[in-house]
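Colleague: this is a predicted model, with the sequence first.
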Amino acid sequence: MADVVQFRLEGMVDELDDFEKRGLFSRREIAEIVKQRRKFEYRLKRPCPLKQDYLTYIDYEIQLESLRRLRKKAVARELKKQGDKKMKKSISDFAGVKRILYIYRLAVTRYKGDIDLWFRYLEFCRARKNGTMKKVLAQLIRFHPKVPGVWIYAAAWEFDHNINVDAARSLMLSGLRVCPTSEDLWIEYLRMELTYLNKLKARKVALGEDEGSLVRENITAAEKQWREENKDLFMSMGETRGDNDESGVETLSKDKLDLFREKGSNLLETIYSGAIEALPSSFSLRKRVLEILEAMDLAHSEEMQSKILQDIKRDFASQPQYWDWLARLYCNPENVQGTSDIKEISRIEKAVKVYEEGLECVPSSAIFSLYVEFLRSIIVPVKGEQTLGLSSHTDNITSRLLMVYEKALTLGHITDDLACQYVLFYLELGRLDEAQKLAERLCSGKFSNSVKLWVLRVSTEIKCVLKDSPSPSKDDLKSIFELTKEVLKKFSVSESGSLWLKVLKFFANQSYYFDKLVEISLYALAKSGGNEDGFSLSSVIVDFVLQKDGIQRTREVYKKFLGLPHPGLAMYQTCIQLESNLATAGDKDGLANARKLFESALATYGQNVRLWQEYYTLESKIGSSETAAAVRWRARKTLKDATALATSSDL
């Protein structure tokens, strides 16, 4: 290994001498360069060098080459000021790039399957305009012919850099033979052919033999109207205002233009047919072809667009995504908001008709969800904007949305999420009574086991109770408690965490009902075996009791929870933190209670390193050195994971 590294370093002598001779680097800097290169070379000569070793070496050489070029420019400026001749190129001008290419070659030889590494290699060759680009591309294609991006990259390089359309087309066709099911390959091949045709068209225009472009101009209606009103400004120098001459010129130009438009249309139709034959079930492919067709000004574009739309409807009419896409073709909600144009309202109505047709063809929860999402995006304006043009139409959309929710519920295609949105929409509209009745109807029906809907129902009941008076009556309190009592017993604690939080907050100042809730929580935790994964109900109740009734009552409550089978670690930590804070504040019982809690917790969670750390920290701060040492000795004897002990600074 050392002999190979030494041989490689000796091969750099001429380059390093040139650095010093030209004054680009000092002797000390050259020594540092040699030191760094020796380190990298030894890394590469290991039995199994890592990919990062090659990349780090390459990054270092790239930075060194950038520094060399900057210093060469500075030296050249100084020589120019002194009147000397221009600096000639020497070995140091080529050695850096040559070495980087060599390291890349070593890297891709070892990691042939790393596509990212190959593309980094290619990007370096392209940036430096190195002649090995074609050779590297050939190697990449040989190793990874099944990767569509490789063929696209190679064809793009031939098309854009070498201006070799035949080679680019040949690469694309070869890629399509190897990867006929690649959607990206078909789309990029279509783009390339149309781009080439547009370049030929632009060349004709530059020579004065033609006019216009195959790329459709994206101008607004206002700009189009202004151009019509001021068309004299756009009249060419040789054009006259005579009607007969003008019509003749237009006819002649149209005939010339049709040659390219016709060929473009034929190209698109041919490639589209091949793509559909290879990918008959790809919906996104057809959408992308339509986008390209809309961006180009081709002959028979309307007929072609109609044909593609018919094909899509024939093959994908049974998919909800098709109807959603078709509706959004007529109306994009992002463009509607903040406009006063009546045409946009008609577009919304067309989109609604599409969704309604889709519901008749494919009645499902998916299309109902998409329909609702569309209508809600129309109603809710962009933040900070006003829906000026839609303000009079918003009521109709709101009614339509409520009808869609009700239709989904009636047909049995409503999901948990849609049902929650239905209730929340009534709440957003401020119609509490209707939201209350709807939540009751849903929870008593097919969604009786939905925790999210029960939370919404309880929230709605509480809002209705507090609507007229901030202090609820006894009957109201009793009705809400009776409503939630059976539900809290029905669901596990981990499922109904949000419902528990809402009910505890509502009854926090009602001692009778709060105590009843504590009893229900004890029953629920005992039923689940003390399991509190993700949500510690006992810790939440202890915090509520501490704020409401003080420390003595809190100790009584947490002892009840700790008396349950297998109390959770979160509960122990909450109680330990409480007693530790009291002990720090000078409470005489705090330290003794904290020690009891630690011992009880360690009996179940003896392998928890953090628990031992907290115990040791408590004894170090409040206890004595003997008790702290005893805790540390016990931890080292009890814990089985020696690595955890070694990495723990507190033990």
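Modeller: Looks like it arrived, so ask away.

Colleague: doesn't residue 141 lie inside a strand?
Modeller: No. Under DSSP: H, G, I helix; E, B strand; the rest coil, residue 141 sits outside any strand and is assigned helix.

Colleague: list the contacts for it?
Modeller: With contact set as CB atoms under 8 Å, 6 or more residues apart in numbering, residue 141 has these partners: 150-151, 154. (Each C-beta comes from the backbone N, C-alpha and C, glycine too.)

Colleague: between the residues you listed, which is closest to residue 98?
Modeller: residue 154 (23.6 Å; CB to CB).

Colleague: quick check: that closest one touching residue 169?
Modeller: No. Contact status for residue 154 versus residue 169: not in contact, 11.8 Å apart, counting by CB atoms under 8 Å.

Colleague: those two: who's more crowded?
Modeller: Between residue 154 and residue 169, counted using other CB atoms under 10 Å, the more crowded position is residue 154 (23 against 17).

Colleague: that one is in what secondary structure piece?
Modeller: helix 148-160 (DSSP states H and E).

Colleague: now do that helix, average pLDDT.
Modeller: Mean pLDDT, helix 148-160: 95.

Colleague: after that helix comes which helix or strand?
Modeller: The helix or strand immediately downstream of helix 148-160 is helix 165-178, counting by DSSP H and E.

Colleague: what residues does that following helix touch?
Modeller: Contacts of helix 165-178 (CB under 8 Å, 6+ apart): 145-146, 148, 150-152, 154-156, 158-159, 182, 185-186, 188-189, 192-193, 196, 274, 278.

Colleague: in it, which residues are buried?
Modeller: 165, 167-169, 171-172, 175-176, 178 (16 or more other CB atoms under 10 Å).

Colleague: in these, find the pair that's most separated.
Modeller: 165 and 178 (20.5 Å).

Colleague: quick one, the helix holding residue 154 and helix 165-178 angle?
Modeller: 170 degrees (axes from the mean of the first three to the mean of the last three CA atoms, to 10 degrees).

Colleague: in helix 148-160, what counts as buried?
Modeller: For helix 148-160, by 16+ other CB under 10 Å, it's 148-159.

Colleague: over to stretch 117-132?
Modeller: In stretch 117-132, counting by 16+ other CB under 10 Å, buried: 117-118, 120-122, 124-125, 130, 132.

Colleague: now swap in stretch 409-418 and tell me
Modeller: Applying 16+ other CB under 10 Å to stretch 409-418 flags 409, 413-414, 418 as buried.

Colleague: please compute how far it lies from its chain's middle.
Modeller: 29 Å (CA atoms, centre = their mean, to the nearest Å).

Colleague: can you check the distance spanned by stretch 170-189, start to finish?
Modeller: Stretch 170-189 stretches 10 Å from its first residue to its last (CA to CA, to the nearest Å).

Colleague: could I get the average pLDDT for it?
Modeller: On average, stretch 170-189 scores 95.

Colleague: does the closest residue to residue 278 other than its chain neighbours sit in a helix, a strand or a coil?
Modeller: Among residues not flanking residue 278 along the chain, residue 180 sits closest, at 4.4 Å (CB to CB, 6 or more residues apart in numbering). Following three-state DSSP, the label given to residue 180 is coil.

Colleague: what's the local residue count around residue 180?
Modeller: Neighbours of residue 180 using other CB under 10 Å come to 14.

Colleague: how close does it get to residue 572?
Modeller: 62 Å (CB to CB, to the nearest Å).

Colleague: go on, residue 102?
Modeller: Distance from residue 102 to residue 572, by CB to CB: 62 Å.

Colleague: more neighbours: these two, which one.
Modeller: More crowded of residue 102 and residue 572, by other CB under 10 Å: residue 572, with 25 against 12.

Colleague: work out for me the element the more buried one sits within.
Modeller: If you go by DSSP H and E, residue 572 is part of helix 569-584.

Colleague: which elements pack onto that helix?
Modeller: Packed against helix 569-584 by the contact rule (3 or more CB pairs under 8 Å, 6 or more residues apart in numbering; DSSP states H and E) you find helix 537-549, helix 551-562, helix 590-604, helix 609-621.

Colleague: list the buried residues of the helix or strand hosting residue 374.
Modeller: Following DSSP H and E, one finds residue 374 within helix 365-379. Across helix 365-379, burial judged by 16+ other CB under 10 Å covers 365, 367-372, 374-379.

Colleague: just stretch 190-199 next, same as before
Modeller: In stretch 190-199, counting by 16+ other CB under 10 Å, buried: 190-195, 197-198.

Colleague: dump the residues you listed to TSV, plus secondary structure and distance to residue 516.
Modeller: Formatted as TSV, those follow (DSSP: H, G, I helix; E, B strand; the rest coil; distance: CB to CB, whole Å):
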residue	secondary structure	distance to residue 516
190	helix	70
191	helix	70
192	helix	74
193	helix	76
194	helix	74
195	helix	75
197	helix	79
198	helix	77
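
Colleague: and of these, the nearest to residue 3?
Modeller: residue 192 (51.1 Å).

Colleague: OK, contacts around that closest one?
Modeller: So residue 192 contacts 155-156, 159, 168-169, 172 (CB under 8 Å, 6+ apart).

Colleague: just to revisit the earlier point, distance to residue 348 for the buried residues of stretch 190-199 - can I get that in TSV?
Modeller: Shown next, in TSV, are the buried residues of stretch 190-199 (distance: CB to CB, whole Å):
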residue	distance to residue 348
190	32
191	33
192	38
193	37
194	33
195	36
197	37
198	35
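
Colleague: so which of those residues comes closest to residue 556?
Modeller: For these, the nearest to residue 556 is residue 191 (74.9 Å; CB to CB).

Colleague: if I look at the closest one, how far off is residue 365?
Modeller: Plainly put, residue 191 is 37 Å away from residue 365 if you go by CB to CB.

Colleague: does residue 623 sit in a helix, a strand or a coil?
Modeller: Applying three-state DSSP: residue 623 is coil.

Colleague: change the start of the numbering to 41 and stick with it
Modeller: That works, and once the first residue is 41, the last one we named lands at residue 663.

Colleague: OK, contacts around it?
Modeller: residue 631.

Colleague: 10 Å instead, please
Modeller: By CB atoms under 10 Å, 6 or more residues apart in numbering, residue 663 lies in contact with 623, 631, 634-635, 655-656, 670-671.

Colleague: now which of the residues you listed would you call buried?
Modeller: 623, 631, 634-635, 655-656, 671.

Colleague: which helices and strands does whichever helix or strand comes after the helix holding residue 414 pack with?
Modeller: Following helix 405-419 in sequence order, the next helix or strand is helix 434-451 (DSSP H and E). Counting contacts by 3 or more CB pairs under 10 Å, 6 or more residues apart in numbering; DSSP states H and E, helix 434-451 packs against helix 382-401, helix 405-419, helix 456-468, helix 472-483.

Colleague: from the chain's centre, how far out does helix 434-451 sit?
Modeller: 31 Å.

Colleague: give the buried residues for that helix.
Modeller: 437-438, 440-442, 444-445, 447-449.

Colleague: so can I have a markdown table of those residues showing distance to residue 478?
Modeller: As requested, those are exported to a markdown table (distance: CB to CB, whole Å):
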| residue | distance to residue 478 |
| --- | --- |
| 437 | 19 |
| 438 | 15 |
| 440 | 17 |
| 441 | 14 |
| 442 | 10 |
| 444 | 14 |
| 445 | 9 |
| 447 | 14 |
| 448 | 13 |
| 449 | 9 |
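
Colleague: what is the most widely separated pair among those residues?
Modeller: Longest span within the buried residues of helix 434-451, CB to CB: 437 and 449, 18.9 Å.

Colleague: sorry, back to before: from the buried residues of stretch 230-239, which is closest to residue 583?
Modeller: Lowest distance from residue 583 to these (CB to CB) belongs to residue 231, with 61.4 Å.

Colleague: show me what contacts the closest one?
Modeller: Residue 231 touches 196, 311, 328, 332, 335-336, counting by CB under 10 Å, 6+ apart.

Colleague: of these, which is the most crowded?
Modeller: residue 336 (22 neighbours).
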